[in-house]
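Engineer: Give the three-dimensional model of this entry:
(one chain, ligands or ions: 1)
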Amino acid sequence: MTVNNIDNLLHETRRFPPSDEFAEQAVATRELYDAARADREGFWADQAKTLLHWHKPFTQTLDWSNPPFAKWFDDGELNVAYNCLDRHVEAGNGDRIALHWEGEPGDDKSFTYAELTAEVKKAANLLTALGVKQGDRVAIYLPLIPEAVIAMLAVARIGAVHSVVFGGFSAESLRSRIDDAEAVLVITADGGYRKGKAFPLKPTVDKALENDADGNPSTVKNVLVVERTKGDVDWQHGRDLWWHDEIAQVDAEHVAKPFPAENPLFILYTSGTTGKPKGILHTSGGYLTQVAYTHKNVFDLKPETDVYWSTADVGWITGHSYVVYGPLANGATEVIYEGTPDTPHPGRWWEIIQKYKVSILYAAPTAIRTFMKLGRQIPQQFDLSSLRLLGSVGEPINPEAWVWYRDVIGGGTTPVVDTWWQTETGAIMISAMPGVTTLKPGSAQVPVPGVSIDIVDERFRTTEPDQGGLLVVTQPWPSMLRGIWGDDERFVETYWSKFGPTTYFAGDGARYDKDGDIWLMGRVDDVMNVSGHRLSTAEIESSLVSHPMVAEAAVVGASDETTGQAVVAFVITRASQADAAAHEDAANVLRAHVAAQIGAIARPRQIFIVAELPKTRSGKIMRRLLRDVAEGREIGDTTTLADTMVMQTISKSMR
Ligand code: PRX
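Structural biologist: Predicted coordinates for the structure are as follows:
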């Protein structure tokens, strides 16, 4: 990726050791590394016991007798929601703020742990009244409003399984996720606020639940609708229910029952190398252990005094692990914000930090780079002195952005932790520990204690410093994915076949530097990373070819200064598109088509109508060459092309 190119790495050689002041008060110390090294499984067992409440203690830490199917803390029983709520109230912290919610239009609401617990108890009773039972799947399609958190915890509380679908996804994407998981209930809202406007959600749900092309109804029995924007909604009587009406009728008390540690907690769909998103399955005890452990140690959390803010939406894994489960399991006070960073003004994030005195901020490099472009004079208008730690996630953070983040947002003193992980890993795997590690801008640095990572070549040999290789996880970890929903074969094939059934292949390229620190180098497969969101080239290609105008399509992730990568498509149309104006019309129609089919995040930045695509003699599209074109570089080696002239034809047709 060019954001991490050699040029800017060479320019930034500064190192940032923890200040004495920070190190002295830090949660994580060197002993954590020693303990994990001495007895890895024992270390995780200790974390599980100290960080969580077990209704029934476990006696076995890890069952790895049938890899890659792991069981952690298998004979233990717990309730995830009880761990995130009731136990803090019972420990005397009921008056502590759990959530400060900020709506985009400027409305706000705060919930203490006692209040949030009360809301979740009612919601759990409501779900039960609607017939939702342990193991049933519930789709959640909501804006970032308190009910999103309440709904997730209520589903967890009754041992059911949530599948949160990001509110930006289309009706078709929502339906395919509902079908795959056979969800019985959808929790949605009339709409939400984004970019200063109310956007409707309920019509998308209505459309998703229509009979499909073969006349099949969906598996959904009810739709619970939160009132947010008060926009007009169509209503299907018998199916649709207002959240506020229903919740007013249920009992306020609800006793959290224990469930087995391996009870499924959620499914979260993410893009892979094929057209069909994968339902990544996470379970309860191991997941909660590692999200709580990493949230506490990587973010140096002091629940009594810190105010933590992760800017992620609950539709992504960061929103699951570091908005809902990690912070609440640790009894943290956190901020959640419904809207976009620049609404109604470009200083909105900094205003929120000032308002709630946020001390820990966790954000994505794309956002940081956008703010960098806007200039430091915007954040400088706000009091950001409450910040003491900054985190980064989702994509490589280039050293300039890292240094700007620390200097301008962190007042030149805060540590910046760059955290590498994935939907599949469930929790942070590689990150500095802010009180221990000397920070190196641009590098994710070291595995967290308890996690075993390596960078290997194709023959599974550890790579030498500065040699690129493949990132692997060499030992099971508590928050590891337990499968792909309904597709064990794909699970084994995708992650556990390249180097055998006990080595997890992450799909990322990486290298060690001479100090042994890890530098991420981007995906090695056909997965793109746009603004820290994962998109599949195959999924967008199949959307493009589903349009009658398109004969063939190839999609690449081209590097982009702000968003890391951007979607660029090359399309061969069926009819001749003779002039430039026709090309532009076709490109606009197709961009809109992809946005409608998958969601706005997948809309290509550019579509080039071309006469041919570069293919090898075996018919494989050479994306490398298309990336050269998309990034405006000189075109690389074309000798393996079936038709070596094709790149000239493409370049000509793009002029
Ligand atoms: O390529 C890596 C990149 O994001 C991918 C995972 O995407 P997703 O499952 O959507 O989860 C994103 C949030 C955890 C990885 O395979 N990635 C994530 N964090 C980093 C990163 N690349 C470089 N540095 C990171 N800190």
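
Engineer: from what I can see Arg30 touches Val436, true?
Structural biologist: Yes - shown here, Arg30 and Val436 form a contact pair, counting by C-beta atoms under 8 Å, at 5.7 Å. Any C-beta I mention is one placed from the backbone N, CA and C, and that applies to glycine too.

Engineer: Counting neighbours, go ahead and name the busier of those two.
Structural biologist: Neighbour totals were compared for Arg30 and Val436, and Val436 leads with 19 against 13 (other C-beta atoms under 10 Å).

Engineer: who's in contact with the more buried one?
Structural biologist: Shown in contact with Val436 (C-beta atoms under 8 Å, 6 or more residues apart in numbering): Pro18, Ala23, Ala26, Ala28, Thr29, Arg30, Leu32, Tyr33.

Engineer: In a helix, it, correct?
Structural biologist: No - looking at Val436 with DSSP: H, G, I helix; E, B strand; the rest coil, it is coil, so not inside a helix.

Engineer: Do you know the pLDDT at it?
Structural biologist: With respect to pLDDT, Val436 has a value of 98.

Engineer: now swap in Glu634 and tell me
Structural biologist: Reading off the model, Glu634 has pLDDT 85.

Engineer: helix or strand for the closest residue to it other than its chain neighbours, which one?
Structural biologist: Distances taken as C-beta to C-beta, 6 or more residues apart in numbering put Asp628 closest to Glu634, at 6.9 Å, once the chain neighbours are dropped. According to DSSP states H and E, Asp628 maps onto helix 623-630.

Engineer: Next SSE downstream of that helix?
Structural biologist: Past helix 623-630, the next helix or strand by DSSP H and E is helix 646-654.

Engineer: who's in contact with that next one?
Structural biologist: 570, 608-615, 625-626, 629, 635, 638, 641.

Engineer: now the angle between helix 623-630 and that helix, please.
Structural biologist: 30 degrees (axes from the mean of the first three to the mean of the last three C-alpha atoms, to 10 degrees).

Engineer: Just the CA atoms of helix 646-654, as CSV, please.
Structural biologist: Extracted C-alpha coordinates of helix 646-654, given in CSV (Å, rounded to 0.1, in the frame of the first residue of the first chain):
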residue,chain,number,x,y,z
VAL,A,646,-4.3,-5.5,-24.1
MET,A,647,-2.9,-3.0,-21.7
GLN,A,648,-2.4,-0.5,-24.5
THR,A,649,-6.0,-1.0,-25.6
ILE,A,650,-7.1,-0.3,-22.0
SER,A,651,-5.0,2.8,-21.6
LYS,A,652,-6.2,4.1,-24.9
SER,A,653,-9.9,3.5,-24.0
MET,A,654,-9.4,5.4,-20.8
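
Engineer: Can you give the distance of it from its chain's centre?
Structural biologist: Remark: helix 646-654 is offset 37 Å from the chain centroid, using C-alpha atoms, centre = their mean, to the nearest Å.

Engineer: same thing with stretch 270-284?
Structural biologist: 12 Å.

Engineer: mind checking the end-to-end distance for it?
Structural biologist: Terminal residues of stretch 270-284 are spaced 19 Å apart (C-alpha to C-alpha, to the nearest Å).

Engineer: pLDDT of it, averaged?
Structural biologist: What stretch 270-284 shows for mean pLDDT is 91.

Engineer: Check which residues of it are buried.
Structural biologist: Residues of stretch 270-284 classed as buried: Thr270, Ser271, Gly272, Lys276, Pro277, Lys278, Gly279, Ile280, Leu281, His282, Thr283, Ser284 (neighbour count, 16 or more other C-beta atoms under 10 Å).

Engineer: One more: stretch 509-520?
Structural biologist: For stretch 509-520, by 16+ other C-beta under 10 Å, it's Gly509, Ala510, Arg511, Tyr512, Asp517, Ile518, Trp519, Leu520.

Engineer: Can I get these in TSV including distance to His244, secondary structure and pLDDT?
Structural biologist: Shown next, in TSV, are the buried residues of stretch 509-520 (distance: C-beta to C-beta, whole Å; DSSP: H, G, I helix; E, B strand; the rest coil; pLDDT from 0 to 100):
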residue	distance to His244	secondary structure	pLDDT
Gly509	49	strand	96
Ala510	48	strand	96
Arg511	53	strand	97
Tyr512	55	strand	97
Asp517	51	coil	98
Ile518	48	strand	98
Trp519	50	strand	97
Leu520	45	strand	95
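
Engineer: nearest to Phe166, of those?
Structural biologist: Leu520 (23.4 Å; C-beta to C-beta).

Engineer: Torsion angles phi and psi at the residue nearest to Ile158 when sequence neighbours are not counted?
Structural biologist: Nearest residue to Ile158, sequence neighbours excluded (C-beta to C-beta, 6+ apart): Ala124, at 5.3 Å. Dihedral pair for Ala124: phi -60, psi -40, per degrees, to the nearest 10.

Engineer: how many other residues sit next to Ala124?
Structural biologist: Neighbour number of Ala124 under other C-beta under 10 Å is 26.

Engineer: Would you mind giving the domain segments of this protein?
Structural biologist: Following automatic domain parsing, one gets these domains for the chain: 39-340, 454-485+503-523, 527-653.

Engineer: Tell me which of those sits most buried.
Structural biologist: domain 39-340 (a mean of 20; mean count of other C-beta atoms under 10 Å).

Engineer: what distance separates stretch 115-132 from the centre of its chain?
Structural biologist: Centroid separation for stretch 115-132 versus its chain: 26 Å, with C-alpha atoms, centre = their mean.

Engineer: One more: stretch 541-554?
Structural biologist: Centroid displacement of stretch 541-554 relative to its chain, using C-alpha atoms, centre = their mean, is 28 Å.

Engineer: Check stretch 45-54 too.
Structural biologist: 25 Å.

Engineer: about what we covered before: and the residue nearest to Ile158, how far is that from the ligand?
Structural biologist: 28 Å (C-beta to the nearest ligand atom, to the nearest Å).
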